[in-house]
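Participant: Give me the fold of what follows.
(2 chains)
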Amino acid sequence: MSVDFLHPGEGAAIDTNVPALELRGIGKRFPGVVALDNVDFTLEPGKVHALMGENGAGKSTLIKIMAGVYGKDAGTIRMRGREVDIKSPRDSLKEGIKVVFQEIALISEFTVAENIFLEGYPTGKAGSIDWKKIRADSAALFNRIGFNVDPAARTGSLPVSQQQMVEIARALAHEARVVVMDEPTSSLTPNEVSLLFTVIRRLAALGIAVVYVSHKLDEVFEIADTVTVLRDGRHISTKPIGEHSNDTLIQDMIGRRIDNLFPRKRGAPGSKIALSVESLSTAKKLSDVSFEAHAGEVLGFFGLMGAGRTELAKAIVGYDPITSGTITVDGHRLAPHDTRTGVKLGIGLLTEDRKSEGLMGELPVYQNASLASLGAFARLGFVDKAKEHKAVQDYVDRFRIKTPSLFQQVKNLSGGNQQKVLISRWLMRGLKVIVVDEPTRGIDVGAKSEIFALIDRLAGEGLAVVMMTSEMPELLGLADRVAVMCEGRLTAIMSREEATQEKILNAAIG
Amino acid sequence: MSLASTASERAQPSMLARLFARQELALLVCLVLVLAFFSVTIENFFSVRNMTNVLGQASLALTAGIGCAIVFISGEVDISIGSLLATIALPLIIIMNDTNSLLLGVGAALLFGLIIGVVNGYLVAYAGINSLIVTLGTMFIMRGGVYLYTGQRAIPDDASLDSFIALSDGRLFNIIPYSAVIAIVLLAAFGYMMQHRPFGRQIYAVGGNQEVARLAGYDVRRVKFICFIISALLATVAGIILAARVGSAQHTAGLNFEFQVVAATVLGGVSLAGGIGSLTGMALGVLILQFLSNGLRGLGLPTEWQLVITGMIIIAAVAFDEAKRRRANGG
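Facilitator: Predicted coordinates for the structure are as follows:
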């Protein structure tokens, strides 16, 4: 009754008329966000089904529901026509749903072979683990797939690309009916990608339903039979790949019109260079990134997941070490890996991860706002509280920060108001350049336009705003110039007038 | 199939290479050095009598250390074991005095141990409270309870059953103390479980990366729950042997015992972070500290110095380990 990649041919014939997996009317909410709204997703056995959408479209949530990581709030799941209740990863694995997650999910202290059989160890007599079989079967599995990975290696000692191959192999070591691959090629070489595609085709030939999640259009056109597009948590389209072109697929992914979320009040940017970055590279991600940002300008950086936007943001404010290149703020060189001088020179980061890198949730609003400029309020080494409170109150009024008092714990504020507190922190310091990373992440739509207005105003006051975003409307609505990144490189810089969604997306795909 | 055969050959590096890659070898070398040093400097140190005596002394920490190491490997800590030693001696001695039955006494002690393990395990695994806090709490509660119940007086073993006394001074073939035999058998059994039974590997996986273990379909909470029960039951066994040795239930029994065990476990390369280490390592850690203590006493060094030296060794060992690991992970 089952198909096992290690032992093909042992399974009985699969009825291709019954969907392998059928999701109907799936709904999922998180506090303040509807992640999925009435989504249908049907997988035919033996078919490769691509799942596409912008960041935040709901792909990961849908996958995590299939994997049993999240429970669904609404809808039904059927495996081969039978309704199933998937409450945990174990339930999902038992149904034969194998998910290869984008983040490596392996025990780094274990050998490769043991990781492959993590889900269920082959046991011999009396229930003891059959290590011999584990070693032999994992070697055979790699051999069959054509991946060159040493099964005896300690997993954590392998490069990420090999770990990704281990993840893929693991999905095939046990009986599988549905194999989900979330951006499986993000760290594979072209040669390895073609091996992976051979494996996927063989899986499909064995009657397994494959879900392929990717941003890379060329890969999708090469491997997929069917494409489903999600947008803003809703199902947009499901079509055979033959009915799509690059343009129609991008159209489905972007879809919405840019409405009047973005009132522009500021004038044209100045010509003074506030930030200049030359040939910046880091050990992990960035290679040879150069650009300039002018006073009064919003320079928007777009890139897909893993393009290196956050890494760039952290490097240019002096938070992360760099391997080569220079950063010049307002005419002064910023030593790499030195946020202290960064703040002195007037460059600050509005982090994408407000909770762990930005706010001190337990502390009151005024302390969060004044953190970077305590020196300015100090007299003889003591903070002048009255002066501090007055300065913070000014910002609370100016930015209309909704808080019952300056003494409210900042964790109790809404996301939008938290963001304003953080912006206040930097402005109090007298910034010349502010780097904002995903400024509206986790902020609901109503508050978004306020943040946009605030960013507009910052630029209007003469700051250079460097904005990292994965949201197209935000980018096109706010930026004076658009820079596009792909895999750590800068692939395009264009003016607002030149920029179209298609051009940007093409540059982002590389 | 030539590709497959080379692959499987690669999967089995030579015995020697595997041994060198493991830190158990480094520990073994340390132990040999300690033994060699004291054999040269102290007369009769390297005698069958002294060796087996030290082994007997080490058997409490070896037995309880199994549980301590297993809880560490699962990514948690259990520091309630010292107080547990004193606690379970009460039902043991009282029931034996009442019934003259070793079996009933031991049964009662194990039942108490089980309940303590269930409480610790439930609070950590299901109620989600930090294990250091939970076991610190139960450590105080049990110690306080024992003080209250005994009025700080020892309860002597009036039954004086031969079988019970044999636990303290009996020797297998007149050579190896029974307590050491028990420790070795338990070590072998649990060592086998940790390396060759699926449940043992689940403990490593849970400690190594809880989220990955969950995605692999493991019931993380259940695994941790059981680890605390194992730890409590093994500490109970150690407590029974201790009670036999002192011939009574003592309110001060096992005071600071948990820290001796933690020290030996850490020295043995079992990481507090979880997922790393082995019972063999833990056992070598216990033996190194025990022989060191025995040897230093033989040299006439006061106990105070033994404490200072033990402390330095532990920090040095863990620092060395950490440096090695950082190098292995490339930065």
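Participant: In the stretch 101-250 of chain B, which residue sits nearest chain A?
Facilitator: The stretch 101-250 of chain B approaches chain A most closely through residue B:217 (3.7 Å), counting by C-beta to the nearest C-beta. The way it works is simple: take the backbone N, C-alpha and C, and place the C-beta from them, glycine included.
Participant: Spatially, which residue comes closest to that residue, not counting chain neighbours?
Facilitator: Ranked by C-beta to C-beta, 6 or more residues apart in numbering or on different chains and with sequence neighbours excluded, the top spatial neighbour of residue B:217 is residue A:90, at 3.7 Å.
Participant: Which secondary structure state is assigned to that neighbour?
Facilitator: With DSSP: H, G, I helix; E, B strand; the rest coil as the basis, residue A:90 sits in helix.
Participant: quick one: contacts for it?
Facilitator: A:68, B:217, B:218, B:219 (C-beta atoms under 8 Å, 6 or more residues apart in numbering or on different chains).
Participant: residue contacts, residue 253?
Facilitator: Just so you know, I chose chain A. A:52, A:53, A:54, A:57, A:229, A:231, A:236.
Participant: Chain B was what I was after
Facilitator: When the contact criterion is C-beta under 8 Å, 6+ apart, the partners of residue B:253 are B:85, B:86, B:89, B:239, B:242, B:243, B:246.
Participant: if you average pLDDT over stretch B:60-74, what comes out?
Facilitator: Averaging pLDDT along stretch B:60-74 gives 95.
Participant: meant to ask about stretch B:224-237
Facilitator: Averaging pLDDT along stretch B:224-237 gives 96.
Participant: hmm, it in reach of chain A?
Facilitator: No - Stretch B:224-237 does not reach chain A (C-beta under 8 Å from any C-beta of the partner chain); its nearest approach is 15.9 Å.
Participant: Tell me which residues are up against that stretch.
Facilitator: Residues contacting stretch B:224-237 (C-beta under 8 Å, 6+ apart): B:63-64, B:66-68, B:70-71, B:73-76, B:78, B:80-81, B:84-85, B:88, B:109-110, B:112-114, B:116-118, B:120-122, B:124-126, B:131, B:182, B:186, B:190, B:199, B:203, B:206.
Participant: again, but for stretch B:317-324
Facilitator: Taking C-beta under 8 Å, 6+ apart as the rule, stretch B:317-324 contacts B:23, B:266, B:267, B:269, B:271.
Participant: Go again with 6 Å.
Facilitator: B:266, B:267 (C-beta atoms under 6 Å, 6 or more residues apart in numbering or on different chains).
Participant: could you dump that stretch to CSV, C-alpha only?
Facilitator: Output of stretch B:317-324 as CSV, limited to C-alpha atoms (Å, rounded to 0.1, in the frame of the first residue of the first chain):
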residue,chain,number,x,y,z
ALA,B,317,38.1,20.5,31.5
VAL,B,318,35.0,22.3,30.3
ALA,B,319,37.1,25.2,28.9
PHE,B,320,39.2,22.7,27.0
ASP,B,321,36.1,21.0,25.7
GLU,B,322,34.5,24.2,24.6
ALA,B,323,37.6,25.3,22.8
LYS,B,324,37.7,21.9,21.0
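Participant: how distant is that stretch from the center of its chain?
Facilitator: For stretch B:317-324, the gap between its own C-alpha mean and the chain's C-alpha mean amounts to 21 Å (C-alpha atoms, centre = their mean, to the nearest Å).
Participant: So residue A:268, which state does it fall into?
Facilitator: Applying three-state DSSP: residue A:268 is coil.
Participant: Show the residue spans covered by the helices in the stretch 51-200 of chain A.
Facilitator: A:59-67, A:89-94, A:112-116, A:131-145, A:160-171, A:190-205 (DSSP state H, counting those that start in this stretch).
Participant: Pick the most deeply packed of these.
Facilitator: helix A:112-116 (a mean of 27; mean count of other C-beta atoms under 10 Å in any protein chain shown).
Participant: Verify the stated contact: the residue of the stretch 101-250 of chain B closest to chain A with residue A:87.
Facilitator: No - look at residue B:217 against residue A:87 with C-beta atoms under 6 Å: they stay out of range, at 11.9 Å.
Participant: Those two: who's more crowded?
Facilitator: Comparing residue B:217 with residue A:87 by neighbour count (other C-beta atoms under 10 Å in any protein chain shown), the higher total belongs to residue B:217, at 17 against 11.
Participant: quick one, what contacts that one?
Facilitator: Here residue B:217 is in contact with A:89, A:90, A:93, A:119 (C-beta under 6 Å, 6+ apart).
Participant: Could you tell me how many residues sit around the last one?
Facilitator: Okay, so that is residue A:119. 19.
Participant: Which residue is the nearest non-sequential neighbour of residue A:73?
Facilitator: residue A:27 is the one closest to residue A:73 (C-beta to C-beta, 6+ apart), at 4.9 Å.
Participant: Name the SS class of that neighbour, please.
Facilitator: strand.
Participant: Which pLDDT value does the model give residue A:258?
Facilitator: Looking at residue A:258, its pLDDT stands at 41.
Participant: actually residue B:15, not the one I typed
Facilitator: pLDDT, read off for residue B:15, is 52.
Participant: center of the chain - which residue?
Facilitator: No chain specified, so I'll use chain A. A centroid search over chain A (C-alpha atoms, centre = their mean) returns residue A:305, at 4.3 Å, as the residue closest to the centre.
Participant: hmm, I had chain B in mind actually
Facilitator: Residue closest to chain B centre, computed by C-alpha atoms, centre = their mean, is residue B:65 at 0.4 Å.
Participant: I appreciate the help and will end here.
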